[in-house]
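In: pasting the sequence and the predicted coordinates here, then a few questions.
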Amino acid sequence: MGTSIELCLGNVSLSYSKNHMGIDYGFLFQASDLTRRKSDLINYEYYEENPEDQQELDEAEEVFARPLSRVLPRLNLLGYTLEAARSEYEALLAETEEISNEIDIEESKKKYLTFEEFCDLACRYSLVDLKSDYIEYDTPDRDIIAQRRFSTDIDLFDRVPWSDNSDLYWSEASFLTAKICILSAESMLQVFAQNVENSEVEVTWEFGPIVHAGWVQREAFQAGARQKQKVLIATEGTSDTRIIQRALSVLRPDVEDFFNFVDVDERHPYWGTGNLVKFAEGLLRIEVLNQVLFVFDNDAEGVDAFRRLGRLSPPANMRAMLLPDLEEFREFKTLGPEGINTSDINGRAAAIECYLDLCLDQYPPAQVTWSNFKKDIDAWHGVLDFKESYSKHFYEQSDDQLKNGSYNVSKLLKLIDVLIREAGLVTPAI
């Protein structure tokens with residue numbers, strides 16, 4: 001008979017393979033998602049009679065499981081967005097309409113569901129409520145009984161673009177699988193996420209049984225971002241790297257494994273904006289295939305370097321960004337030749353330390369001091385006073401204080417979310 005493996009959302013199957021691994025979905029999960037679940041594919045009577053094989057049973061029950069809400073950030077970072085799902089659906093719809101026009105006049109008149117209607121149908125009921133009990137084939141009115149609530153929506157399901165396995169169902173959950181799961185697993189996860197009641201439904205990849213049966217080696221099932229999916233973050237200095245690395249780890253742990261950083265434990269290998277641009281030039285010359293995101297401070301020197309790198313026309317696997325403009329920086333205390341003023345420091349003095357909590361009892365209100373004028377961008381460059389103290393205060397916070405304490409991470413969260421979005425725009429080299 002063989003052994004199957006499925007990627008599921010609740011009791012709805014999104015991807016199925018038999019006697020082989022199929023698509024590698026390890027990137028949807030992290031190592032902490034490894035757990036054990038009882039499986040219908042395991043002969044538990046054998047293990048009751050042979051308790052010495054407990055370790056073998058433990059391995060047979062292995063599965064990766066993660067709530068849908070925590071899978072979505074990983075999908076979005078990789079470009080598996082709702083808009084990507086829309087594009088996939090519309091391509092399938094166009095293909096279905098073309099085939100219908102060629103082989104069936106009546107079928108060609110069918111008005112297929114729009115993408116919005118498709119999502120609405122898929123999300124009509126929470127996946128938590130779907131019944132998965134098996135309805136025997138000889139049961140009277142089996143189809144209607146198996147369809148349950150969906151039996152009143154058959155006309156709508158008939159308007160879903162063609163699906164290979166549309167008649168293979170035996171329960172309410174399998175009916176939805178057969179009729180609705182016509183897109184890639186990644187796209188279907190986005191579709192089902194449109195119902196907020198599905199947010200805590202688990203995405204599961206039950207691989208233990210197929211490994212136990214000997215079809216696939218255990219080493220093939222690893223959680224985490226794949227090497228080709230990772231983005232190298234290159235910054236101006238050690239402080240930038242350490243702050244971003246820790247912020248990702250503490251505030252956005254669901255995607256931290258998609259990022260690599262240059263080791264700066266001893267010293268930064270290309271400190272300063274000029275050296276960072278030179279580093280980029282070097283990577284361009286050797287046509288490096290890694291995905292790289294260059295991150296510049298949102299100050300005058302950073303803006304200047306960002307523009308210089310842009311003139312190098314980096315390929316799609318390399319991208320540059322500035323730390324984001326923030327409303328909090330529109331009116332910031334500054335000190336210059338004309339004394340103390342309130343100025344907009346976006347693009348002029350917003351180094352990474354400005355995105356930290358700047359309320360320290362032992363220091364006066366945060367202030368930027370103007371230092372030099374950058375002719376190339378016609379702007380003054382400024383530096384945050386006591387910036388090392390703000391960094392030190394950040395490093396002194398425990399993870400729990402950053403997540404749940406009084407430390408203000410609002411600006412840091414905005415920075416990290418922009419960085420994640422920019423990283424998602426970096427594409428692998430062809």
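Out: In hand now; what should we look at? Residues are numbered from 1 along each chain as shown.

In: make it CA atoms for all contacts and neighbour counts henceforth
Out: Will do.

In: name the residues of the helix or strand hosting E281 that come out as buried.
Out: Using DSSP states H and E, the element containing E281 is helix 273-285. Buried residues in helix 273-285, counting neighbours by 16 or more other Cα atoms under 10 Å, are found at T273, G274, L276, V277, A280, L283, L284.

In: now stretch 84-95
Out: In stretch 84-95, counting by 16+ other Cα under 10 Å, buried: A85, R86, E88, Y89, L92, L93.

In: list the contacts for the first one?
Out: The reference is to A85. Remark: with contacts taken as Cα atoms under 8 Å, 6 or more residues apart in numbering, A85 is in contact with L183, E186, S187, M188, Q190, V191.

In: do that again at 6 Å, thanks
Out: S187 (Cα atoms under 6 Å, 6 or more residues apart in numbering).

In: need the max-distance pair from the buried residues of stretch 84-95.
Out: The most widely separated members of the buried residues of stretch 84-95, counting by Cα to Cα, are A85 and L93 (12.2 Å).

In: returning to that earlier point: now the element after the helix holding E281, going C-ward?
Out: strand 291-296.

In: what mean pLDDT does the helix or strand just after that following strand get?
Out: Next along the chain after strand 291-296, taking DSSP H and E as the criterion, comes strand 298-299. Averaged across strand 298-299, the pLDDT comes to 96.

In: again with stretch 136-143
Out: The average pLDDT within stretch 136-143 is 84.

In: for that stretch, the distance to its chain's centre please.
Out: Relative to the centre of its chain, stretch 136-143 is centred 42 Å away, using Cα atoms, centre = their mean, to the nearest Å.

In: just give the closest residue to the one residue sitting closest to the centre of the chain, not the sequence neighbours.
Out: By Cα atoms, centre = their mean, the chain has its centre lying nearest to R74, at 1.7 Å. Distances taken as Cα to Cα, 6 or more residues apart in numbering place V255 nearest to R74, at 5.9 Å, with adjacent residues excluded.

In: likewise E90?
Out: F115 (7.3 Å).

In: and for the one you found, the neighbour number?
Out: Number of residues near F115 (other Cα atoms under 10 Å) recorded here: 18.

In: hang on, the residue nearest to R74 in a helix?
Out: Yes: under DSSP: H, G, I helix; E, B strand; the rest coil, V255 falls within a helix.

In: any idea how far D417 is from it?
Out: From V255 across to D417, the span is 11 Å (Cα to Cα, to the nearest Å).

In: distance check, the residue nearest to R74 against Q362.
Out: For V255 relative to Q362 (Cα to Cα), the value is 35 Å.

In: and N260, what does it touch?
Out: Contacts of N260 by Cα under 6 Å, 6+ apart are L232.

In: before we move on, back to that, now the buried residues of helix 273-285 in a markdown table, with distance to A225?
Out: Converted to a markdown table, the buried residues of helix 273-285 look like this (distance: Cα to Cα, whole Å):
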| residue | distance to A225 |
| --- | --- |
| T273 | 29 |
| G274 | 31 |
| L276 | 26 |
| V277 | 28 |
| A280 | 24 |
| L283 | 23 |
| L284 | 25 |
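
In: for these, could you give me CSV that also reports pLDDT and distance to D325?
Out: Converted to CSV, the buried residues of helix 273-285 look like this (pLDDT from 0 to 100; distance: Cα to Cα, whole Å):
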residue, pLDDT, distance to D325
T273, 81, 18
G274, 81, 22
L276, 87, 21
V277, 90, 21
A280, 88, 23
L283, 88, 28
L284, 89, 28
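
In: let me know the closest of these to V368.
Out: Distances from V368 to these, taken by Cα to Cα, are shortest for T273, at 19.4 Å.

In: next one: phi and psi at the nearest residue to that closest one once chain neighbours are set aside?
Out: In space, T273 comes closest to E236 once its chain neighbours are excluded; the distance is 5.5 Å by Cα to Cα, 6+ apart. The phi/psi pair for E236 (degrees, to the nearest 10) reads phi -70, psi -30.

In: where does the spatially closest residue to Q217 that is not a sequence neighbour sit: helix, strand or coil?
Out: Leaving out its chain neighbours, the residue that sits closest to Q217 by Cα to Cα, 6+ apart is V211, at 5.8 Å. State at V211, reduced to three classes by three-state DSSP: helix.

In: if I look at V211, how far off is T3?
Out: From V211 to T3 the distance is 9 Å (Cα to Cα).
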